[in-house]
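Q: Pasting the sequence and the predicted model now:
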Amino acid sequence: MKTTVLVACLSAALMTSMAVANEPGKTPTASSQIMTAAAVDSDAIAFLTAVNDHEMMAAEMALEKNPSEAVAEYAQMLHDQHTSNQEKNLAFADAAGISANDSPGLDAMKAKSKAKRDELSALPDDAFETAFIAAMVQDHTEVLSKIDNELLPNATDPELAKHLRETRTHIAMHLEHAQELHGSLAAMR
C-alpha cells in the first residue's frame, strides 16, 4: 500500500513538473531537463543519420561519374566509412532506446544536401570531380563544426559522446583527405 501511494505521488509530481516546465516563463525542473537531454541525444542521432545518408549517396554518385582513380578511392572510402558509421549509429540508437527526431532544422539540412547532390549530378564528368571534392571539404567542415560546437558539448549519454568522438575522428580524416585532393586537383588544372 505504501509503495502504491509513493508511486502515485511521484507520478503526480512528475506530471505537474512537466506541465509547469512547458509554461512560458517557468524554470525547468529536473524531469523536464531529463526530457530535454533525451531530445538532445535524439537530435544528435538524427543529425548523424542524415549526414551518413547524404555522404553515402554523394559517394555513390561520384563512383557512377567515372572519376579519376584518386577521387574514386576517396568516394569508396567515404561510402564504406559512412556505411559503417551508420550501422554503429543505428545500433547505438536501438540499444539506447533513442529514436531520431525530425525537426525543421534537420529537414532544411536534408533539403540542402539533396539540392547539393542534384547540382553535382547535373555537372558533366570533367567538372564533377572538382565540384564534388569542394563540396566534401565544405560538408565535412560544417559537420565538424556542429559536432564540436553543439553535439559533443551537449551530449548527455557517455556512450553517445564516445560515438560522437569516434565519428569526429573519421570526419576530420575525410576532411583532411578532401583538402589534399582539392589541392592536387587545382594544381592539375
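A: Sure, I can see it.

Q: wait, doesn't Leu123 sit right on Glu129?
A: No - taking C-beta atoms under 8 Å as the contact criterion, Leu123 and Glu129 are not neighbours in contact, 9.1 Å apart. Every residue, glycine included, has its C-beta placed from N, CA and C.

Q: Which one's more surrounded, these two?
A: With other C-beta atoms under 10 Å as the criterion, Leu123 and Glu129 differ in neighbour count, and Glu129 comes out ahead with 25 against 14.

Q: Distance check, the more buried one against Ala135.
A: Applying C-beta to C-beta, to the nearest Å, one obtains 11 Å for the distance of Glu129 from Ala135.

Q: Geometrically speaking, which residue is the centre of this protein?
A: Here the mean C-alpha position of the chain is nearest to the C-alpha of Leu48 (C-alpha atoms, centre = their mean), at a distance of 2.1 Å.

Q: If you tally nearby residues, what's the number for the closest residue to that residue other than its chain neighbours?
A: If the residues on either side of it in the chain are set aside, Leu48 comes closest to Asn89, at 4.9 Å by C-beta to C-beta, 6 or more residues apart in numbering. Other residues within reach of Asn89, judged by other C-beta under 10 Å, total 24.

Q: Over to Leu175?
A: Taking other C-beta under 10 Å as the criterion, the count of residues near Leu175 is 19.
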